[in-house]
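**Q** any chance you could fold what I've pasted below:
(4 chains)
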Number of protein chains: 2
Amino acid sequence: MKVLDIGEVSERSGVAPSALRYYEKIGLISPIGRRGLRRQYDPTVLTQLSLIALGRTAGFSLDEIREMFGADLRFGLPRPELQRKADELEGQIRKLSTLSRLLRHVAECPAPSHLECPKFQKLMRLALRRSAPRAA
Amino acid sequence: MKVLDIGEVSERSGVAPSALRYYEKIGLISPIGRRGLRRQYDPTVLTQLSLIALGRTAGFSLDEIREMFGADLRFGLPRPELQRKADELEGQIRKLSTLSRLLRHVAECPAPSHLECPKFQKLMRLALRRSAPRAA
DNA sequence: CTGCGACTTCAACCAAGCTTGAGGTCAACG
DNA sequence: CGTTGACCTCAAGCTTGGTTGAAGTCGCAG
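**A** Okay, the predicted model is just below:
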């Protein structure tokens, strides 16, 4: 199995070498070894990096991502926790989809003030219901 | 129409007063006036704040959000730009949904190493296709 | 064996998005 | 009229997720 230099990993994943070293420092990824000083990576690191990118897109912090996937894709979290994260994601998906519909509506609706457009109001109520503040 | 003190806005929106002042500084929101030194807010600021929160959830920066919604919900962006943002959101939604399915799968799949599970691989391929790196 | 280029370390810096703290103002209650 | 508590300003600090730069190491080509 071919091993990869940091430069190749960077090129293939689109993640800067400095970022890869940073990820290593915080325990997110690790090379399988060194040749001289140079880090040698297993190609599966590319899968890991994709997952990390995915997690970032979802707004998870690198810490959360480490908990979820672990280095080496251990997926260390207890199952209920994983389900909880998935639920969280689905809530987020509904919010994003409301926002998307809102933007498309605004792009099409001729009403001068959206605050008065019933469709806009309906979408806003939807959005509001989904991002409940702490207080009543 | 009742006006709101910063404390009330904070309580109802779940956004800290310091954050509200910060949002004002960068031109995201503004009070309708002052009573003495105290900022007085129109209740529609709550709608704005919900939109801002929604935008943040979607990963937009405060700058982007200001461009999109403007202060006063002007929605200053040209329509094609808004459509583009909506497209962007939908791409993101598909990624999140893949990630969600991936997490649920991991929570249920008994396979010791997910890297070998065909279902896992399939989901990963899906995810990979959706977050194409810069290089070929 | 020399030199090039890709790597290495480490510390310093950066930007976004806030929070915190010191010190001040002001309106309303008793 | 005084004191309380919620507000004010401004500067400095914090966290996350990195990048940048200086100075050094190394392996392979010629």
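
**Q** just give me the longest helix of chain A.
**A** Using DSSP state H, we find that the single longest helix of chain A is helix A:79-108.

**Q** may I have the phi/psi pair for the closest residue to DNA strand D within chain A?
**A** Closest residue of chain A to DNA strand D, C-beta to the nearest atom of the strand: A:Gly36 (2.4 Å). Every residue, glycine included, has its C-beta placed from N, CA and C. The phi/psi pair for A:Gly36 (degrees, to the nearest 10) reads phi 70, psi -120.

**Q** now do the longest helix of chain A: which elements does it pack against?
**A** If you count contacts as 3 or more C-beta pairs under 8 Å, 6 or more residues apart in numbering or on different chains; DSSP states H and E, helix A:79-108 packs onto helix A:118-130, helix B:44-57, helix B:79-108.

**Q** tilt between it and helix B:79-108?
**A** Put simply, helix A:79-108 runs at 170 degrees to helix B:79-108, going by axes from the mean of the first three to the mean of the last three C-alpha atoms, to 10 degrees.

**Q** what does chain A put close to DNA strand C?
**A** Applying C-beta under 7 Å from any atom of the strand, one finds that chain A approaches DNA strand C through A:5-8, A:17, A:21, A:37-39.

**Q** of those, buried ones?
**A** Among these, those buried by neighbour count (16 or more other C-beta atoms under 10 Å in any protein chain shown) are A:6, A:39.

**Q** next step: the residues of chain A next to DNA strand C restricted to strands.
**A** A:5, A:38-39 (DSSP state E).

**Q** residues of chain A that sit close to DNA strand D?
**A** Counting by C-beta under 7 Å from any atom of the strand, chain A comes close to DNA strand D at A:16, A:18-19, A:22-23, A:35-38, A:56, A:61-63.

**Q** possible to save the ones in strands among the residues of chain A next to DNA strand C as JSON lines with pLDDT and distance to B:Val106?
**A** Below are those laid out as JSON lines (pLDDT from 0 to 100; distance: C-beta to C-beta, whole Å):
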{"residue": "A:Asp5", "pLDDT": "97", "distance to B:Val106": "30"}
{"residue": "A:Arg38", "pLDDT": "96", "distance to B:Val106": "33"}
{"residue": "A:Arg39", "pLDDT": "97", "distance to B:Val106": "27"}
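
**Q** how about JSON lines for the residues you listed, with distance to A:Gln83 added?
**A** Output for those, formatted as JSON lines (distance: C-beta to C-beta, whole Å):
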{"residue": "A:Asp5", "distance to A:Gln83": "38"}
{"residue": "A:Arg38", "distance to A:Gln83": "41"}
{"residue": "A:Arg39", "distance to A:Gln83": "35"}
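
**Q** pick the one among the residues you listed closest to chain B.
**A** Set against chain B, the nearest of these by C-beta to the nearest C-beta is A:Asp5 (14.3 Å).

**Q** list the residues that contact the closest one.
**A** A:Asp5 makes contacts with A:38-41, as judged by C-beta atoms under 8 Å, 6 or more residues apart in numbering or on different chains.
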